[in-house]
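J.: Predicted model follows, preceded by the sequence.
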Amino acid sequence: MAVIRISIPETARRGEIIEIKAMIQHPMETGYRRNEQGKIIPRDIITRFRCTYNTALVCEAEFSPGTAANPFVSFHARAAETGTLEFTWTDQDGKTWSERRTLTVT
């Protein structure tokens with residue numbers, strides 16, 4: 001199970017621009033490195049990140065082998081209404097990890 005860290009404000013005023021931060025713990029192996037025996041360490045990367053706010057797409061990113069371990073993203077969104085932010089990461093084999101957070105808008 002991957003460790004996921006998400007930072008959003010607990011509450012926001014309607015129309016306020018909020019900062020959202022998300023990080024997943026993942027080695028992001030490029031497939032170019034070798035282990036102590038000289039064998040290539042297989043490629044293992046997260047290829048896609050998506051964040052939705054009440055099912056509307058807020059942020060989407062594609063990662064490549066050049067992305068550092070434990071990919072971190074930071075972006076902004078306008079607080080429109082109380083709702084759910086869903087964060088999803090997908091790796092090269094189609095495996096996904098998801099987390100949800102509730103944003104309360106006053």
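T.: Arrived safely.
J.: which residues of the protein fall in strands?
T.: 4-7, 11-12, 17-24, 46-53, 56-62, 72-78, 83-91, 96-105 (DSSP state E).
J.: Tell me the gap between the last one and the middle of its chain.
T.: Between the mean C-alpha location of strand 96-105 and the chain-wide mean there is a distance of 11 Å, by Cα atoms, centre = their mean, to the nearest Å.
J.: now swap in the second one and tell me
T.: Per Cα atoms, centre = their mean, the displacement of strand 11-12 from the mean C-alpha position of its chain is 21 Å.
J.: could you give the mean pLDDT of that strand?
T.: For strand 11-12, the mean per-residue pLDDT is 98.
J.: Next: the longest one.
T.: Strand 96-105 carries an average pLDDT of 98.
J.: partners of Ser7 in the sheet?
T.: Lys21 (DSSP bridges).
J.: before we move on, back to that, point out the one among the strands of the chain that comes closest to Gln37.
T.: strand 83-91 (24.9 Å; Cβ to Cβ). In short, each C-beta sits where N, CA and C put it, glycine included.
J.: Output the strands of the chain in TSV, with mean neighbour count and distance to Gly38 appended to each entry.
T.: Shown next, in TSV, are the strands of the chain (neighbours: other Cβ atoms under 10 Å; distance: least, Cβ to Cβ, whole Å):
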stretch	mean neighbour count	distance to Gly38
strand 4-7	13	34
strand 11-12	16	53
strand 17-24	16	30
strand 46-53	18	26
strand 56-62	13	31
strand 72-78	14	32
strand 83-91	18	26
strand 96-105	14	32
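J.: Reformat the ones you listed as a markdown table; add distance to Asn35.
T.: Output for these, formatted as a markdown table (distance: least, Cβ to Cβ, whole Å):
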| stretch | distance to Asn35 |
| --- | --- |
| strand 4-7 | 27 |
| strand 11-12 | 47 |
| strand 17-24 | 23 |
| strand 46-53 | 21 |
| strand 56-62 | 28 |
| strand 72-78 | 26 |
| strand 83-91 | 20 |
| strand 96-105 | 25 |
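J.: which residue sits farthest out from the middle of this structure?
T.: No residue in the chain sits farther from the centre than Gln37, which is 33.1 Å out by Cα atoms, centre = their mean.
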